[in-house]
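>>> Take a look and give me a structure for this.
(chains A and B)
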Amino acid sequence: MSLALRVIPCLDVNAGRVVKGVNFENLRDAGDPVELAHRYDAEGADEVTFLDVSASTEGRATTLEIVARTAEEVFVPLTVGGGVRSTDDVDALLRAGADKVGINTAAIARPELIAEVAHRFGSQVLVLSVDARRTPDGVSTPSGYEVTTHGGRRGTGIDALDWVSRAQDAGVGEILLNSIDADGTTAGFDLEMLTDVRARVRVPLIASGGAGTAEHFVEAARTGADALLAASVFHYGTLTIGDVKDHLREAGFEVR
Amino acid sequence: MSAPAPTVVVLDYGSGNVRSAVRALERVGAQVELTADPDAVAAADGLVVPGVGAFAAVMTGLREVGAARMIERRLSGGRPVLGICVGQQVLFSAGVEHGERTEGLDQWPGVVERLDASVVPHMGWSTVTPPTDSVLFEGIADERFYFVHSYAARTAPDYARVTWATHGVEFVAAVENGALSATQFHPEKSGDAGAHLLRNWLATLR
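The predicted structure follows:
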């Protein structure tokens, strides 16, 4: 192997500002996504991900400006997801300077979007973001995992393993698997689900949800995930990107 | 007195995110223009040919702006050209995607084919093995660079300086052949190592 395991911080951006607390020393403005992207780049982030949580059209337009400013100053790959509904949305983000675009709900509502984006821009720009959980009582899927929308609040009844397989066939370049069960618990990634998804897909797999300690990243890496994404542990300064990479290196994984 | 900044044209033919390439070149001291104007392309100290997406789509875009002739003209005068990502791939004879063959710019023999690896696309930071006389990798031979691709050339001509990388199989990560250079990875997305490589390339411009 010569490929390094990627460690990716994720920032929630609303109308051009980072939401959820970010707790760094010596930051001029903890709410500025560009400054934070810089900070993470300097700490050794292998990519930076923005999740646009803006509810309004104006908010989204502001996010485009933020993407453009980030691309001008940060020279590691930038992925932007959240509210992407059409190939035109993808086009606008790529033109602004995003390298990859995350698609979630819109692909569930209209799966043809995956092939449309892959055909027009290439698979390499397309990250399928999947918010999955174990099926609650009264719902059943063949794998026992279900795709959700609205940040995990709504079930779709779609089998998560079947969904990632179909998405791969349709041309997604990468899968971001976010465990709704693990998200926010800081009790560790959902290793069982990661292992099951890894067995299904041959595109790169990004693990997300549940990171609380550096050891959690090592556990997730052992499932065969290609990249490890986290938000709060980095924002609150519980761990630095460097801490995580040191731990991964000690465990025998290649990191940058 | 410092020398005037080298001028670089980033070829504008509708390829995806080229802003990063422009900015990364500016960051290391180039005066950059994004254009497909033949006179500007001919006059610049250096030409960068970016490329993302499908081989066939990139070739279509390049044909529409007459890129083959622009590149030939520069090379006939020994004027530097740098291809990036699919911009490297199209310099080979042909590309095969989904069983369909597309002719390339044929500056180098060889066919660009799908990578045979357990996980494809090859996405992320990989080490490379440059030749000892590499100019592009001078001072950064041990660094990692950012790759995003599903296809690559597996052979390269003996007369060129070839840098190799491995993802499932060994493939061509960079080629240095006189005035014509190319990288399969994205120097503009490879942080400080990528900036160093671009600086090395700028230093070869007249």
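
>>> Now do the residue in chain B positioned nearest to chain A, the pLDDT please.
The minimum distance from chain B to chain A, using CB to the nearest CB, falls at residue B:53 (3.3 Å). Glycine gets a C-beta too; all of them are placed from N, C-alpha and C. Looking at residue B:53, its pLDDT reads 84.

>>> Please verify my assumption that it contacts residue B:13.
No. With contacts counted by CB atoms under 8 Å, residue B:53 stays clear of residue B:13, the gap being 11.7 Å.

>>> These two: which is more packed in?
residue B:53 (21 against 18; other CB atoms under 10 Å in any protein chain shown).

>>> What residues does the stretch 1-150 of chain A have near chain B?
Residues of the stretch 1-150 of chain A found near chain B (CB under 8 Å from any CB of the partner chain) are A:2-6, A:41, A:46, A:68, A:71-73, A:75-77, A:94-99, A:121-125.

>>> Now, those residues that are in strands?
Within the residues of the stretch 1-150 of chain A next to chain B, residues falling in strands by DSSP state E are residue A:6.

>>> Apply the buried test to the residues of the stretch 1-150 of chain A next to chain B and list what passes.
A:2-6, A:41, A:46, A:68, A:71-72, A:75-77, A:94, A:96-99, A:121-125 (16 or more other CB atoms under 10 Å in any protein chain shown).

>>> Report the contact partners of residue A:102.
A:49, A:51, A:79-82, A:84, A:127-129, A:176 (CB atoms under 8 Å, 6 or more residues apart in numbering or on different chains).

>>> what number of residues lie near residue B:3?
Per other CB under 10 Å, the neighbour tally for residue B:3 reads 6.

>>> Give me the pLDDT for it.
For residue B:3, the predicted pLDDT is 75.

>>> quick one: it from residue B:166, how far?
39 Å (CB to CB, to the nearest Å).

>>> now residue A:2
Per CB to CB, residue A:2 is found 5 Å from residue B:166.

>>> any shared contact partners between the two?
Shared contacts of residue A:2 and residue B:166, defined by CB under 8 Å, 6+ apart, are found at residue B:126.

>>> Low-confidence stretches in chain B?
Under the criterion pLDDT under 70, the flagged ranges of chain B are B:1-2, B:206.

>>> all strands of it, in order?
With DSSP E as the criterion, chain B has strands at B:7-11, B:31-35, B:46-49, B:81-84, B:92-97, B:100-103, B:108-114, B:122-127, B:144-149, B:151-153, B:161-167, B:169-177, B:180-183.

>>> Residue B:63: which of these is closest?
In terms of CB to CB, the element of those nearest to residue B:63 is strand B:100-103, at 10.1 Å.

>>> What residues sit buried inside that closest one?
Using 16+ other CB under 10 Å as the test for burial, strand B:100-103 gives residue B:102.

>>> Could you see whether chain A lies near that strand?
No. Judged by CB under 8 Å from any CB, strand B:100-103 makes no contact with chain A; its nearest approach is 13.7 Å.

>>> and stretch B:160-169, anywhere near chain A?
Yes. Counting by CB under 8 Å from any CB, chain A is contacted by stretch B:160-169 at B:165-167.

>>> how about those in TSV, adding neighbour count and distance to residue A:151?
Listed next are the residues of stretch B:160-169 next to chain A as TSV, based on neighbours: other CB atoms under 10 Å in any protein chain shown; distance: CB to CB, whole Å:
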residue	neighbour count	distance to residue A:151
B:165	24	39
B:166	17	39
B:167	25	34
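
>>> and the stretch 151-256 of chain A, which residues reach chain B?
Residues of the stretch 151-256 of chain A lying near chain B (CB under 8 Å from any CB): A:173-174, A:202-205, A:226-227, A:256.

>>> So which of those residues is surrounded by the most neighbours?
Among those, residue A:174 has the most neighbours (other CB under 10 Å), with 26 neighbours.

>>> number of nearby residues for residue A:57?
Residue A:57: 8 surrounding residues under other CB under 10 Å.

>>> Please narrow the buried ones among the residues of the stretch 1-150 of chain A next to chain B to those residing in helices.
Counting by DSSP state H, these place A:41, A:68, A:71-72, A:94, A:96, A:121 in helices.

>>> Single out the residue in the stretch 1-150 of chain A that lies closest to chain B.
At 3.3 Å from chain B, residue A:122 is the closest residue in the stretch 1-150 of chain A, using CB to the nearest CB.
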